[in-house]
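Participant: sequence and predicted structure are below.
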Amino acid sequence: MAFKKPGEIARAAVTAGRSKPLETPDKLLLFGFLAGSYIAFGGLLAVAIGGGINAELLGIGFKNLIFAGVFPVGLMLVVIGGSELFIGNCLLPPIAWLEDHADTKDVLKNWGWVYLGNFIGSVVIAYFLATATGLLAADPWHSYIIEIAEKKANSGGATYIGWMSLFWRAVGG
C-alpha cells in the first residue's frame, strides 16, 4: 500500500502551497468564481431534492440524509474542476508561508481574490438559478430554506450563541 509519512505529507503541502500565492489575480478570481458557483449549485441541488421530501411521511432523518448526501456534489465539482475554494487556500499558502516559501502579501492577496471570487460565484448562482427563476419560491422549498436559515441563525432554536462559538463550529466543519 502506498502512503506518505508525516514528514513527506508536510513537504508535499509546502510544495503545493508555494504556487497558490503566486497565481495572477484574474486566475484566482475566475477559479474562485467557479468554486463559489459549484458550492452554490451543490447547495441549490440539496435544497431542491431534500426540501421536496415529505419529512412527515419518510422521517426527518431521511430528509436530512438525502440533503447531506447531495450537498457534496458541489465539493466534488470543485475538486474535479480544479477550482479555488477559500477554505482550501486557508491551509496550503500559510504552510508555505510558515516555511518561508511564500510572502505574507501574496498569501493575503490570494485569500482576498479567492474569497471575492467565491462570493461572486455563489451570489450569481443564487440569483440566476434560484431567485430570478423562482425555482425555489414555492413551498415546500421556500419554507425549507427559511427553516434552514432560522436554524443556522438561532443555533437550532437555542438562544444566540455568539460569534466565537460560530467561528469554532465553522473550524470544526
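Facilitator: Thanks, I have the structure now.
Participant: burial count for Tyr127?
Facilitator: The number of residues packed near Tyr127 is 12, by other C-beta atoms under 10 Å. To be clear about C-beta, it is placed using only N, CA and C from the backbone, and glycine gets the same treatment.
Participant: what's the pLDDT at it?
Facilitator: pLDDT for Tyr127: 91.
Participant: gap between it and Gly121?
Facilitator: 11 Å (C-beta to C-beta, to the nearest Å).
Participant: before we move on, what about Val70?
Facilitator: Taking C-beta to C-beta, one finds Val70 at 19 Å from Gly121.
Participant: neighbour count: these two, which is higher?
Facilitator: Gly121 (24 against 18).
Participant: Provide a list of residues in contact with that one.
Facilitator: Gly121 sits next to 32-40 when contact means C-beta atoms under 8 Å, 6 or more residues apart in numbering.
Participant: which residue sits closest to the most centrally placed residue in the chain, ignoring its sequence neighbours?
Facilitator: For the chain, the residue nearest the mean C-alpha position is Ile39 (5.5 Å; C-alpha atoms, centre = their mean). The shortest distance from Ile39 to any non-neighbouring residue, by C-beta to C-beta, 6 or more residues apart in numbering, is to Gly74 (4.2 Å).
Participant: for Ala130, see how far away the one you found is.
Facilitator: On the measure of C-beta to C-beta, Gly74 and Ala130 end up 14 Å apart.
Participant: between these two, point out the one with more neighbours.
Facilitator: Set Gly74 next to Ala130 and count neighbours by other C-beta under 10 Å: Gly74 wins out with 23 against 19.
Participant: just say helix, strand or coil for the more buried one.
Facilitator: Under DSSP: H, G, I helix; E, B strand; the rest coil, the three-state class of Gly74 is helix.
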